[in-house]
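> next come a sequence and a model predicted from it.
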Amino acid sequence: MADTITPTGNNIVVTPSPLKGWALPFINNVDLWMSLGKAMDDNRGATPATNTTQQLAILKAQLLACVAILVAAAATVPAVVTAFTVERSALGSFTVLTGANYVATINGWTTANLPEMVVMSQVIKSAVNKGLAVAALAATIKA
Amino acid sequence: MHEVTQSIAFLDTPSLDAAIRASLGVKSLGVSGSSFADSSTAAPVRLLMDDTASPADDAAAQALAVAHDPVFITVDKTKVVDDGIDVATISVRAPKPGAAAVVLLVNGTDCPVTLTTGAASVTLKSSTPAVLTISVKNPANRCATVLTITAQ
């Protein structure tokens, strides 16, 4: 999603995309990445979203599915999420860490899917940053 | 090669050269003259033409020089802090009397400029890291300059 560029008179203000500034988390588990990718695909919906409300609904469904997987994974895979890095590079692009290799191969996803993956990473990172259990974050999203 | 001259008051050499080449192709060999934005006195510009150019081609090149409506853009710094506070100032000049409106393109987004007596100072700030490319919309025969400001 592109940055927002707003001209007002002779003043131009650039503000970030809501999705910008988050790198992919490094999750040291290929199977988990694949499960997350499948969940995102399964919840994308057969009909492309045509408005913001639909997009948000789909995104919410995707996130909930991912959180559910993470909850399950956390119970069985110790330290599933081993590190997070948030990179806001000078070029304003996402820094894709090791996980990118997995992203590129999950269910045929390409870099075009990065925004979705970034949203997912944002959910995960928020949980870590705020000291919340992933399950608690899921409840927050549901609310 | 032969040359024709045309007196004009303001010149952005690269954009006039590009405009003539776009119109006449290889019949145009270039424009000889230094860009000037501050002179209100017309000065001759040499239009270098290939010998295959006909008188009509020469006239067409001269017509483009007459129609030349340059826009000059400069920026006071190429890097700003991405804090939403630090400001870069883009100076815009469209000095030709009756100059067409100027719209800057910032990463493809239209940013209309309000000119006062042919000049404006446009401020730009960013609250996110970004590489911002600034050019003039519809640049033909107006402005070949592309500015880049990095917010980081």
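Received, thanks.

> low-confidence stretches in chain A?
Scanning chain A with the threshold set as pLDDT under 70 gives A:1-2, A:17-41, A:43-143.

> can you rerun that using 80?
Residues of chain A meeting the criterion pLDDT under 80: A:1-3, A:16-143.

> ok, how many other residues are close to B:Ala56?
For B:Ala56, the count of nearby residues is 8 (other Cβ atoms under 10 Å in any protein chain shown). Bear in mind the C-beta positions are built from the backbone N, C-alpha and C, glycine included.

> could you say which helix or strand holds it?
Using DSSP states H and E, the element containing B:Ala56 is helix B:55-67.

> in whichever helix or strand comes after that helix, which of the residues would be classed as buried?
Sequence order places strand B:72-75 as the next helix or strand after helix B:55-67, per DSSP H and E. Counting neighbours by 16 or more other Cβ atoms under 10 Å in any protein chain shown, one finds that the buried residues in strand B:72-75 are B:Phe72, B:Ile73, B:Val75.

> in a strand, that's where B:Ser135 is, yeah?
Yes. Applying DSSP: H, G, I helix; E, B strand; the rest coil, one finds B:Ser135 inside a strand.

> all helices for chain B, in order.
According to DSSP state H, chain B carries its helices in the segments B:13-24, B:55-67.

> pLDDT averaged over the first one, what's the number?
Same thing as helix B:13-24. Across helix B:13-24, the average pLDDT comes to 93.

> list the contacts of it.
The set of residues that contact helix B:13-24 without belonging to it, under Cβ atoms under 8 Å, 6 or more residues apart in numbering or on different chains, is B:28, B:30-31, B:33-35, B:45, B:47, B:49, B:53, B:57, B:60-61, B:64-65, B:68, B:70, B:139-145.

> for that helix, buried residues please.
Counting neighbours by 16+ other Cβ under 10 Å, one finds that the buried residues in helix B:13-24 are B:Thr13, B:Ser15, B:Leu16, B:Asp17, B:Ala18, B:Ala19, B:Ile20, B:Arg21, B:Ser23, B:Leu24.

> that helix to helix B:55-67, inter-axis angle?
For helix B:13-24 and helix B:55-67, the angle between their directions (axes from the mean of the first three to the mean of the last three Cα atoms, to 10 degrees) works out to 140 degrees.

> who in chain B is up against chain A?
By Cβ under 8 Å from any Cβ of the partner chain, the part of chain B that sits against chain A consists of B:82, B:84, B:104, B:106-107, B:109-114, B:120-132, B:150-152.

> repeat the analysis, applying 6 Å as the threshold.
Remark: the part of chain B in contact with chain A comprises B:106, B:109, B:111, B:114, B:120, B:122-131, B:152, using Cβ under 6 Å from any Cβ of the partner chain.

> hmm, which of the residues you listed are the buried ones?
Once neighbours are counted (16+ other Cβ under 10 Å), the buried part of the residues of chain B next to chain A comes down to B:106, B:109, B:111, B:120, B:122, B:124-130, B:152.

> among those, which lie within strands?
Judged by DSSP state E, those include B:Val106, B:Thr109, B:Cys111, B:Ala120, B:Val122, B:Leu124, B:Lys125, B:Ser126, B:Ala130 as members of strands.

> so where's chain B shaky on pLDDT?
Where chain B drops into low confidence, which here means pLDDT under 80, it does so at B:33-42, B:128-129.

> buried sites along the helix holding B:Ala56?
Buried positions in helix B:55-67, judged by neighbour count with 16+ other Cβ under 10 Å: B:Asp57, B:Asp58, B:Ala60, B:Ala61, B:Gln62, B:Leu64, B:Ala65.

> now distance to A:Gly9 too, for those residues, in CSV please.
Putting these into CSV (distance: Cβ to Cβ, whole Å) gives the following:
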residue, distance to A:Gly9
B:Asp57, 43
B:Asp58, 43
B:Ala60, 39
B:Ala61, 38
B:Gln62, 38
B:Leu64, 33
B:Ala65, 33
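
> show me the two of these that sit farthest apart.
Farthest apart among the buried residues of helix B:55-67 by Cβ to Cβ are B:Asp57 and B:Ala65. That separation is 13.0 Å.
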